[in-house]
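[1] Next comes the sequence, and after it the predicted model I'd like to discuss.
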Amino acid sequence: MDRARHSEEALTARAAGLVGCRACGCVSPVGTATCRRCGARLDPVHALSLQRVWAWMLAGLICYIPANLYPMLRTATVGSTPAENTILGGVVELVHAGEWAIALIVFSASVLVPIGKFIAIAVLALSLRAHATLSSHRRHRLLEIMEFIGRWSMVDVFVVAILSSLVQLGFVVQIHPGPAAALFALSVAFTMLAAQSFDPRLIWEKDQGPQA
Amino acid sequence: MSSPASPPAAPAPADLPPLDALIACPACDLLLLRAPLEEGIRQSCPRCHHLLYAPRARTVVQVIALSLTVAILMIGAVFFPFLEISAGGISHESSVFDAAMAFSDGILLPLSFAVMALIVVLPLLRVALLVYTLWPLAQGRPAWPLARRAFRLAEAVQPWSMAEIFVVGAVVALVKIAGLATVTLGPAFWAFALLVAVVTLQNNLLNDWTIWTVLDTQKKR
């Protein structure tokens, strides 16, 4: 047991010429394409898999920028010109209404979490090349938190869905969804895929020194 | 709570046991010897502390029961009125299905399908796959064909099944229109809230490596 705690001495599946399944943990010889037990695709621990992470993250970023510029909601009220709300506009409106708690939830889900995710993924990916300042444990924890929290960003899309299906009061008031809803949903999905395709084994691999 | 136990580390490469006696930590790739499941003993990876096994008695039966509960609640939640709004003498009610269809005009249509998938189809698919995997196991029979693939798919679907996020979205929406109109909560709102509690309980009960091990034990019978 002591031997395993000292990671420089720990024997990984890769070091033993094997490949472990990330879905079920079953061990197969290197070069096996799909897991013998669950049929999942077996990805060897390889720095090239980072390209997938960067690609998804870039796609997420490309969608995130217009998602903030285009309107999320269009509100048509009787006797006034239709109002358009962007993501940040919606937060500002909640703050003006004095709903601080709800404003904070929306701001975290739609702004803090997505931007935090872009930064965290970039930091984790770059830390594999340079000498990492954070320990493997810390970085692994960061990745797990991102995987857990990223899906909650979808909340604003659901708010738009509920508001625009519910608020259909003819001449009095009508709410319609704006194009930012789709862009934002795509951005969340792409960053979720970026976090999922980040192979945590790479974080631990580095720990073992120049072998990688 | 005492710290969780760990499966033993694998010996040196020279005298590796057969592959079926080994397991690799899915998080950090550490090679470990498969340890027998012991009731109530949690086992985690000695290097990265990733939780591996948390066997609990009757997990299989409980997960099946909760899956069926989710399916029934979901059917009710989709078609009963979710929220009703009234202002200036006009009222309008909306179901979960209507909420997904909010994007169905024009180019946003694909988003309607995505929302429907995230809040209704994927949660239902996940419980259906879990029941398929676990039903024979609960009766001590061999697993049905492709049970391992079904279980892997059920696990892969989990992050995309967003019923609980939808409920938080409903709360935010309620606050946003509180000043605008009078809102009444429909039966589907409560069904959905209950569904979220059941899904959370189920995800806490279900430990994937325990199910993998149970599936392997079944194979040998």
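    Yep, that arrived. Worth saying up front: this structure is predicted, and the values here are computed from it rather than measured. Numbers count the residues shown, from 1 in each chain, chains lettered A, B, ... in the order given.

[2] Domains in the chain, by residue range?
    I'll assume chain A. A:1-44, A:47-206 (automatic domain parsing).

[3] try chain B instead
    If you go by automatic domain parsing, chain B breaks into B:13-53, B:59-219.

[4] how about these, which one is nearest residue A:72?
    Across the domains of chain B, residue A:72 has its closest neighbour in domain B:59-219 (11.6 Å, Cβ to Cβ). The C-beta positions use only the backbone N, C-alpha and C, and glycine is treated the same way.

[5] Tell me how far that closest one lies from the chain's centre.
    9 Å (Cα atoms, centre = their mean, to the nearest Å).

[6] List the buried residues for stretch B:171-190?
    Residues of stretch B:171-190 classed as buried by neighbour count (16 or more other Cβ atoms under 10 Å in any protein chain shown): B:171-177, B:180-181, B:183, B:186, B:188-189.

[7] Distance from stretch A:119-132 to the middle of the chain?
    Relative to its chain's centre, stretch A:119-132 lies at 16 Å (Cα atoms, centre = their mean).

[8] ok, and what's touching that stretch?
    Here stretch A:119-132 makes contact (Cβ atoms under 8 Å, 6 or more residues apart in numbering or on different chains) with A:47, A:50, A:53-54, A:57, A:133-134, A:139, A:142-143, A:146, A:191, A:194-195, A:198, A:202-203, A:206.

[9] These, buried ones only, as a ChimeraX selection?
    Selection of the buried residues among the contacts of stretch A:119-132 in ChimeraX, burial being defined by 16+ other Cβ under 10 Å:
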select /A:50,53,57,139,142,143,146,191,194,195,198,202,203,206
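
[10] Inside helices: which ones of the contacts of stretch A:119-132?
    Counting by DSSP state H, the part of the contacts of stretch A:119-132 found in helices is A:50, A:53-54, A:57, A:139, A:142-143, A:146, A:191, A:194-195, A:202-203, A:206.

[11] between those residues, which is closest to chain B?
    residue A:203 (7.6 Å; Cβ to the nearest Cβ).

[12] Return the residues in contact with the closest one.
    Applying Cβ under 8 Å, 6+ apart to residue A:203 gives the contacts A:124, A:127-128, A:136, A:139-140, A:143, B:28.

[13] ok, now residue A:134?
    By Cβ under 8 Å, 6+ apart, the neighbours of residue A:134 are A:127, A:142.

[14] Ramachandran coordinates for it?
    phi -90, psi 150 (degrees, to the nearest 10).

[15] could you give me the average pLDDT of stretch B:62-78?
    In this model, stretch B:62-78 has a mean pLDDT of 91.

[16] Buried residues in it, which are they?
    B:62-64, B:66-67, B:69-70, B:73-74, B:76-78.

[17] Can you give me the distance of residue B:33 to residue A:45?
    Distance of residue B:33 to residue A:45, computed by Cβ to Cβ, to the nearest Å: 20 Å.

[18] which of those two has more neighbours?
    Neighbours around residue B:33 and residue A:45, counted as other Cβ atoms under 10 Å in any protein chain shown, are more numerous at residue A:45. The numbers are 21 against 14.

[19] which regions of chain B sit below the pLDDT cut-off?
    Counting by pLDDT under 70, chain B contains low-confidence ranges at B:1-4, B:13-14, B:39-40, B:56-57, B:218-221.

[20] Tell me which stretches of it form strands.
    For chain B, the strands defined by DSSP state E cover B:22-24, B:31-33, B:43-44, B:51-53, B:83-87, B:90-94, B:182-185.

[21] Chain A too?
    Taking DSSP E to define them, one finds strands in chain A at A:18-20, A:27-29, A:73-77, A:83-85, A:168-169, A:173-177.

[22] okay, residue A:132: pLDDT?
    According to the model, residue A:132 scores 68 on pLDDT.

[23] For stretch B:194-202, buried residues please.
    Residues B:195-196, B:198-199, B:202 are the ones in stretch B:194-202 that count as buried (16+ other Cβ under 10 Å).

[24] hang on, the earlier thing: from the buried residues of stretch B:62-78, which land in helices?
    B:62-64, B:66-67, B:69-70, B:73-74, B:76-78.

[25] Now do the same contact list for residue A:105.
    A:155, B:168, B:172.

[26] Pretty sure the last one sits against residue A:157.
    No: with contacts counted by Cβ atoms under 8 Å, residue B:172 stays clear of residue A:157, the gap being 11.2 Å.

[27] For residue B:125, give me its contacts.
    B:153-154, B:157.

[28] same thing but at 7 Å, please
    Neighbouring residues of residue B:125 by Cβ atoms under 7 Å, 6 or more residues apart in numbering or on different chains: residue B:157.
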